[in-house]
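> below is the sequence, then the predicted model.
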Amino acid sequence: MQRLAIMKTPGKSEEGSRKLLVTIEIWKERYSLKFGADVENKSLFLQTFTYSSIGMALVSLDGQWMKVNQSFCDLIGYTEEELLSRTFQDITHPDDLAADLDYMQQLLEGKIESYQMRKRYVLKQGRVVWVLLNVSMVRDDCGRPLYFLTQVQDITALKRSEGLLLENERKLTEELLRNSEKLTIAGQLAAGIAHEIRNPLTSLKGFLQLIKKGPDYKTEYLDIMEAELDRIEVIVNELLLLAKPTDRKFEEKDVKSMLQNVITLLETQALIHNVQILTAFTPGVTIYCDENQMKQVFINLMKNAIEAMPGGGKLLIQVKKKQELAVIRFIDQGCGIPKEKLKQIGSPFYSTKEDGNGLGLMVSYNIIENHHGKIHIESEIGVGSTFTVSLPIYTPSRLHPAFH
């Protein structure tokens with residue numbers, strides 16, 4: 001029970017006019033509060049406290065709820081009686097409590113007059129609500145702290161909107177970065193195409209000028225011109241694969257079977273380079289793929305490995321299962337790739353080979369990415385390189401959504 005006692009005391013204002021000073025004493029157990037105010041101001045305060053659309057509360061110096069209005073009860077989900085047996089610490093989110101207590105200590109020490117913060121309350125139902133908290137200190141005539149006056153507004157919807165806004169801004173930023181990256185790659189491609197095609201065109205133009213000067217030209221001129229035209233054709237075909245991939249036909253395919261077919265195709269080239277192809281296949285490893293595109297990747301990686309060993313060597317091809325992945329490794333004994341150049345592998349028109357254009361690997365990266373896999377490279381100078389292709393194991397019940 002609360003007991004309200006009103007004592008009328010004569011008093012003077014600064015202008016010297018006599019006024020009626022009202023002291024209101026509210027007791028609840030061991031708490032005793034005193035207000036000094038004009039009758040009109042006192043009535044206005046009580047009406048404001050009671051009928052305010054925002055939550056208002058009086059909190060003791062140790063955090064006990066002393067009085068709360070209905071708006072505060074509606075927000076928190078507790079009745080006034082339930083709250084008066086609790087402290088503000090009981091319903092404050094643990095992550096926000098330390099900051100709140102620090103501010104209150106500063107109020108008690110007179111370092112600040114009030115504070116505002118965003119915090120979370122844990123409601124009676126267990127749900128969390130975000131509030132904007134405004135707290136000030138009420139003191140007696142001697143400046144001694146009496147209690148805290150708290151005002152609370154629900155800002156959960158605002159926080160949710162801010163979260164959505166931040167998420168939209170993040171997505172927009174990512175999209176801008178992706179578009180910027182695409183423009184950068186397009187610029188690199190354009191520069192590379194100009195460089196790669198200009199060289200053979202320069203040769204063709206030179207030989208045509210020689211032919212125009214007279215009929216006594218050498219037949220090897222025509223052979224060189226044909227070779228340069230073939231080079232341009234290779235570049236154009238590789239670019240077409242990047243720009244307009246053919247219609248893909250995804251099926252369940254055995255990795256071992258595909259690799260054996262590719263090995264058969266490249267055995268002659270391996271023999272010419274004095275390269276021995278070794279295999280270590282785990283049977284029954286299947287993936288969901290476009291067979292032609294996957295074979296194209298295997299051909300590119302095997303050709304690169306063979307060409308990386310001009311003096312001969314061994315090429316080990318491994319197929320293993322690792323959790324939900326098919327892991328295919330191409331391990332050569334070539335000259336290796338410097339660490340600083342590894343990041344450039346797969347970039348347009350970057351190649352460690354003298355006559356390479358880098359488009360084969362770029363196409364391979366593109367194909368593996370479209371199959372929701374990854375290519376990883378490890379290399380050591382003088383030892384060799386390992387190209388690892390990781391692809392999802394074929395499981396009908398857990399097929400990647402993008403394949404449907």
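It's in. Numbers count the residues shown, from 1 in each chain.

> neighbouring contacts of the one helix or strand Val297 maps to?
Using DSSP states H and E, Val297 falls within helix 291-307. For helix 291-307, the external contacting residues (Cβ atoms under 8 Å, 6 or more residues apart in numbering) are 245-246, 248-249, 251, 253, 258-259, 261-263, 265-266, 269-270, 273, 275, 277, 287, 315, 317, 328, 330, 332, 334, 353, 360-361, 363-364, 367-368, 370-371, 385, 387, 389. Heads up, the C-betas are built off the backbone N, CA and C, glycines and all.

> who touches Val152 in this structure?
Ile54, Gly55, Met56, Ala57, Phe72, Leu75, Val131, Leu132, Leu133, Asn134.

> just confirm the first one contacts Gln153, I think it does.
By that I understand Ile54. Yes. In this structure Ile54 lies within contact range of Gln153 using Cβ atoms under 8 Å: 5.0 Å.

> and Asp74, how many neighbours does it have?
Look at Asp74: counted by other Cβ atoms under 10 Å, it has 11 neighbours.

> what segments of the stretch 251-400 of the chain are helices?
With DSSP state H, counting those that start in this stretch as the criterion, the stretch 251-400 of the chain has helices at 255-272, 291-307, 339-342, 359-370.

> averaged pLDDT, the one helix or strand Leu229 maps to. What do you get?
For Leu229, the host element (DSSP H and E) is helix 219-243. The average pLDDT within helix 219-243 is 70.

> check the burial of Leu316 by counting its neighbours.
17.

> show me what contacts it?
Contacts of Leu316 by Cβ under 8 Å, 6+ apart are Leu278, Thr279, Ala280, Arg329, Phe330, Ile331.

> repeat for Leu315
Leu315 neighbours (Cβ under 8 Å, 6+ apart): 270, 275-278, 302, 305-306, 309, 330-333.

> can I get these in TSV with pLDDT?
Compiled in TSV, these are given as follows (pLDDT from 0 to 100):
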residue	pLDDT
Ala270	86
Val275	92
Gln276	93
Ile277	92
Leu278	94
Met302	90
Ala305	90
Ile306	90
Met309	90
Phe330	95
Ile331	94
Asp332	93
Gln333	91
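
> ok, of those, which come out buried?
Ala270, Val275, Ile277, Met302, Ala305, Ile306, Met309, Phe330, Ile331, Asp332, Gln333 (16 or more other Cβ atoms under 10 Å).

> if we can go back for a sec, of the helices of the stretch 251-400 of the chain, which shows the lowest average pLDDT?
helix 339-342 (a mean of 70).

> show me where the stretch 301-404 of the chain has strands.
Per DSSP state E, counting those that start in this stretch, the stretch 301-404 of the chain carries strands over the ranges 313-322, 325-331, 374-380, 384-392.
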